[in-house]
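> Kindly generate the corresponding structure for this input.
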Amino acid sequence: MLEKIPGVLGEALSGLKAGLDKTTSRADFPDVPETVTLSSPAFADGADLPARFTADGAGVSPPLAWSGLPAGTAALVLLVEDAGSPTPRPLVHLIAWSVPPEPAGLLEGALPGPGHAGTVEAVGRNSFLRAEWLPPDPPTGHGPHPYLFQIYALRQPLALAEALGRGALIEAMRDQVLAKGILTGVYHRP
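Below you'll find the predicted structure:
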């Protein structure tokens, strides 16, 4: 969708970015220890996100793996935000609010997305108000976008009955987060 924005407009907006300081891990849970390791066999931390996982490819969610969960972890939350979006707050690409700690990862395409059913069921609303993985789709010419895959280890599963958004998720997580981990994938259109 955003690939249709003229590159000139993307370049003009290149100075406007939500910023890393506004991501949930930094703005809402800065004091939570970052002791969980989140990784992907498809890309290294800080490296380019393969086009396969974006709107320019198949748009499936990437495979993820985690380790170093603290004792007492009952559930996980996975949140993906675009800190490079030209919006006041990072664009939400995914909320998965009841991920079991075992097995220690998700397969490629496990998260529901456009044209993909996925296997994870407790998915909240992304910034386009859809309960699914929103494949990265930055404006042409806007520059690199860091996509932060954030994982949170919780004391107990969240008792939520609906596809919630970021604000409701953060409130439900308060006083439940034991640890967090972050994996960053970068994507841009020239």
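> So which residues of this structure form helices?
Applying DSSP state H to the chain gives helices spanning 7-12, 24-27, 166-173.
> which of these has the lowest average pLDDT?
If you rank the helices of the chain by mean pLDDT, helix 7-12 sits at the bottom with a mean of 49.
> which residue is nearest the centroid of this protein?
The centroid of the chain falls nearest to Val80 when counting by Cα atoms, centre = their mean (0.8 Å).
> Isn't that residue up against Pro90?
No: Val80 is not in contact with Pro90 according to Cβ atoms under 8 Å; the separation is 9.4 Å. Just so you know, the C-beta spots here come from the backbone N, C-alpha and C atoms, and that holds for glycine as well.
> For the residue nearest to the centre of the chain, list the residues it contacts.
Counting by Cβ atoms under 8 Å, 6 or more residues apart in numbering, Val80 makes contact with Val92, His93, Leu94, Trp133, Tyr147, Leu148, Phe149, Gln150.
> what's the spacing between it and Ala71?
From Val80 over to Ala71 the distance is 26 Å, taken as Cβ to Cβ, to the nearest Å.
> quick revisit: between Val80 and Pro90, which contacts overlap?
Listed as contacting both Val80 and Pro90 by Cβ under 8 Å, 6+ apart are Leu148.
> Could you list the low-confidence segments of this structure?
For the chain, the stretches with pLDDT under 70 are 1-16, 190.
> just the strands in it please.
Using DSSP state E, the strands of the chain run over residues 37-39, 47-48, 64-67, 75-82, 91-99, 105-106, 145-154, 177-187.
> returning to what we had before: let's have the contacts of Val80 in JSON lines, adding neighbour count.
Formatted as JSON lines, the contacts of Val80 follow (neighbours: other Cβ atoms under 10 Å):
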{"residue": "Val92", "neighbour count": "22"}
{"residue": "His93", "neighbour count": "25"}
{"residue": "Leu94", "neighbour count": "25"}
{"residue": "Trp133", "neighbour count": "27"}
{"residue": "Tyr147", "neighbour count": "26"}
{"residue": "Leu148", "neighbour count": "22"}
{"residue": "Phe149", "neighbour count": "24"}
{"residue": "Gln150", "neighbour count": "23"}
